[in-house]
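A.B. asks: My questions are about this predicted structure, shown below with the sequence.
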Amino acid sequence: MATNSIKLLTGNSHPELAKLMADRLGTELTKILVLQYSNQETSVTIGESVRDEDVFILQSTKPNDINDGLMELLIMINACKTASARRITAVIPNFFYARQDKKDKSRAPITARLMATMLQTAGANHIITMDLHASQIQGFFTVPVDNLYAEPSTLKWIRDNLDVENCVIVSPDAGGAKRATAIADRLDLQFALIHKERARPNEVSRMVLVGNVTDKIAIIVDDMADTCGTLVKAADTIMQHGAKEVNAIVTHAILSGNAISNLNGSCLRRLVVTNTVPHAEKKEACDKIETIDISPTLAEACRRTHNGESVSFLFSHAVE
């Protein structure tokens, strides 16, 4: 089947990424009108036929606008389902409510599970996402989920931009140790870990560094940067232990609250992020932010899915 019979739709959350993916796939974005009425209701009108088509709907989280983006996605999926699309794949680079993936206190909801139920009820037949906060979220679905990794692109950036032999990989918390050790192993580097104690959510009280960073270029790796409080404190802790410089590489640049002022006042040399989440305005306000374009990986996953090819190649190889 020809690649140009892919129908790629997008809402208002990340049009820049959608355009990059469409260019990569050699197709035009499907005509769609997504707007809000004056009472904040979302309205979706698809401007061309999707009957018996292979439909891919790109929608990511947008800072300060997450719930609107989610409703847009659900309505677009359902609109395609009722318009007789053959298969509907939701491409969600940064999964909604991914941090609420477990019942960590009494009466707490598992909201990521609710997201899975809503997406499937709306009519999604397949999910493509990237660097899930907890990969077990895949088990909340009864449809296939492809959880892509930013790791190959991260490794390429490190090899192209840093003196690899003098680097050390640092995980900012115990939860990210597996991610950091995987990168350290692939680069044949040492690994360090920061143990953090939280006084309350989003606020870290004390940090302890385990490992040696003296005279090394430290690379903090994590899946998301929200307020950047943890990153900034981690960078300070690493510098106090004699590191030459500290870089951070993060997949999802949420950068909410006072993240930019935290970054600008920090000792971080640079924060390298992918474009899973729109952050152009934040980048203008902070010259420490650098971007890795992840659209080739997402586009290739769509192409391979459409053509019935294996996607596992993308788990370990960066797409140029």
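C.D. replies: Yep, it's here. Numbering: from 1, shown residues only.

A.B. asks: Bridge partners for residue 245, pull those for me.
C.D. replies: residue 217 (DSSP bridges).

A.B. asks: ok, residue 35 - contacts?
C.D. replies: 42-43 (Cβ atoms under 8 Å, 6 or more residues apart in numbering). Where C-beta positions appear, they are placed from N, C-alpha and C, glycine not excepted.

A.B. asks: quick one: it from residue 173, how far?
C.D. replies: 40 Å (Cβ to Cβ, to the nearest Å).

A.B. asks: Check residue 99 too.
C.D. replies: 13 Å.

A.B. asks: Could you do residue 156 as well?
C.D. replies: Taking Cβ to Cβ, one finds residue 156 at 25 Å from residue 173.

A.B. asks: Low-confidence stretches in this structure?
C.D. replies: The chain contains residues with pLDDT under 70 at 1-4, 198-199, 201-205.

A.B. asks: quick one: the helices in it?
C.D. replies: 15-25, 66-82, 111-122, 151-161, 177-187, 229-240, 259-264, 280-285, 295-307 (DSSP state H).

A.B. asks: how about TSV for those, with distance to residue 221 and mean neighbour count added?
C.D. replies: Output for the helices of the chain, formatted as TSV (distance: least, Cβ to Cβ, whole Å; neighbours: other Cβ atoms under 10 Å):
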stretch	distance to residue 221	mean neighbour count
helix 15-25	22	19
helix 66-82	24	20
helix 111-122	22	18
helix 151-161	7	17
helix 177-187	5	17
helix 229-240	11	21
helix 259-264	17	19
helix 280-285	20	14
helix 295-307	17	21
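
A.B. asks: Could you chop the protein up by domain?
C.D. replies: 3-148+295-315, 151-292 (automatic domain parsing).

A.B. asks: returning to that earlier point: is it possible to export the helices of the chain to JSON lines including distance to residue 55?
C.D. replies: As requested, these are arranged in JSON lines below (distance: least, Cβ to Cβ, whole Å):
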{"stretch": "helix 15-25", "distance to residue 55": "13"}
{"stretch": "helix 66-82", "distance to residue 55": "5"}
{"stretch": "helix 111-122", "distance to residue 55": "13"}
{"stretch": "helix 151-161", "distance to residue 55": "26"}
{"stretch": "helix 177-187", "distance to residue 55": "32"}
{"stretch": "helix 229-240", "distance to residue 55": "37"}
{"stretch": "helix 259-264", "distance to residue 55": "34"}
{"stretch": "helix 280-285", "distance to residue 55": "27"}
{"stretch": "helix 295-307", "distance to residue 55": "10"}
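
A.B. asks: any idea how far the residue lying closest to residue 236 once chain neighbours are set aside is from residue 171?
C.D. replies: Nearest residue to residue 236 in three dimensions, chain neighbours excluded: residue 267, at 6.2 Å (Cβ to Cβ, 6 or more residues apart in numbering). Remark: distance between residue 267 and residue 171 (Cβ to Cβ) = 18 Å.
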